[in-house]
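Participant: Generate coordinates for the sequence data below:
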Amino acid sequence: MAASHGGRYSAHVALAAGVRAVILHDAGIGVDGAGIAGLDVLQAHRVPAAAVDSRSALIGDVDDMRRRGRIGEVNDSALTLGCVAGMTVREAVDVLSYADLVEPVPSPVGETRTAIIESGSVPVWALDSASLVRPTDSVSVVVTGSHAQLLGGDPGTALKVNPVGALFNDAGVPADGPAGRIGVLGLRGIPAATVDAMTARIGDGRSTYFDGVISRVNEPALALGARSGMRARDVVKLIIERATGD
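Facilitator: Predicted structure coming up:
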């Protein structure tokens, strides 16, 4: 069981590990079904997979998934074992434990860092995962494809560096839900926001920047004029203008 989104990259990580079966999080499902796209990838290798309904448990928190989670989506191999939508995660774990062992499948894909704006005093990087941040990103705006929740509720997992600004995917968490990473970054004085999962593909930093529409902002971002409903790229522009004094 993993508290990550159920996208393609997560599926390939699971395949490379040689899992018997896997339970992921649907991340609000989102645009193009990106939050559960990995279930089909796993099905192609006959690996049973299910995704927890985002309305039942928080993404990024495996304990919450275990405690409150209910299954929202399954692939055919999971269904064959008796794993169905609506059952609790605990029930699903019991059912999926009967899956056959499979050989690991090396991953053909990886998460990427892409320079959106590399020139100028404030670079902008699109990161498919927040785990790809580097110490040098302290002078950058990082636009990630990651969900905005804290891993296991730990504030220390908000982001490994203090960037000029940061964007995440809301993974279906409503605007009145936990503020997660952007709340912690706000306490550090860093403007941060989330994009609506129905506008940008989770796990895809470029989609966050080019397709994303803002769903929530923290206090430092609000002070810059960032609001829900704005385009992600326009919020990035506001952050850069604040940082450069333009």
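Participant: The biggest helix by length in the chain packs against which elements?
Facilitator: The longest helix of the chain (DSSP state H) is helix 232-244. Counting by 3 or more CB pairs under 8 Å, 6 or more residues apart in numbering; DSSP states H and E, the packing neighbours recorded for helix 232-244 are strand 141-147, strand 165-169, strand 192-195, helix 205-211, strand 214-217, helix 219-224. From N, CA and C alone the C-beta is placed, and that goes for glycine too.
Participant: Could you dump those into TSV with mean neighbour count and mean pLDDT added?
Facilitator: As requested, these are exported to TSV (neighbours: other CB atoms under 10 Å; pLDDT from 0 to 100):
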stretch	mean neighbour count	mean pLDDT
strand 141-147	30	98
strand 165-169	31	99
strand 192-195	31	99
helix 205-211	23	98
strand 214-217	24	98
helix 219-224	18	98
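Participant: a markdown table for these, including distance to residue 51?
Facilitator: Putting the helices and strands packed on helix 232-244 into a markdown table (distance: least, CB to CB, whole Å) gives the following:
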| stretch | distance to residue 51 |
| --- | --- |
| strand 141-147 | 13 |
| strand 165-169 | 15 |
| strand 192-195 | 20 |
| helix 205-211 | 19 |
| strand 214-217 | 21 |
| helix 219-224 | 30 |
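Participant: right, and residue 67 touches residue 58 too?
Facilitator: No - judged on CB atoms under 8 Å, residue 67 makes no contact with residue 58 at a distance of 10.3 Å.
Participant: For residue 166, see how far away residue 22 is.
Facilitator: Remark: distance between residue 22 and residue 166 (CB to CB, to the nearest Å) = 28 Å.
Participant: How is this protein partitioned into domains?
Facilitator: 8-96, 113-244 (automatic domain parsing).
Participant: Adding distance to residue 102, write the ones you listed out as TSV.
Facilitator: Converted to TSV, the domains of the chain look like this (distance: least, CB to CB, whole Å):
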stretch	distance to residue 102
domain 8-96	6
domain 113-244	23
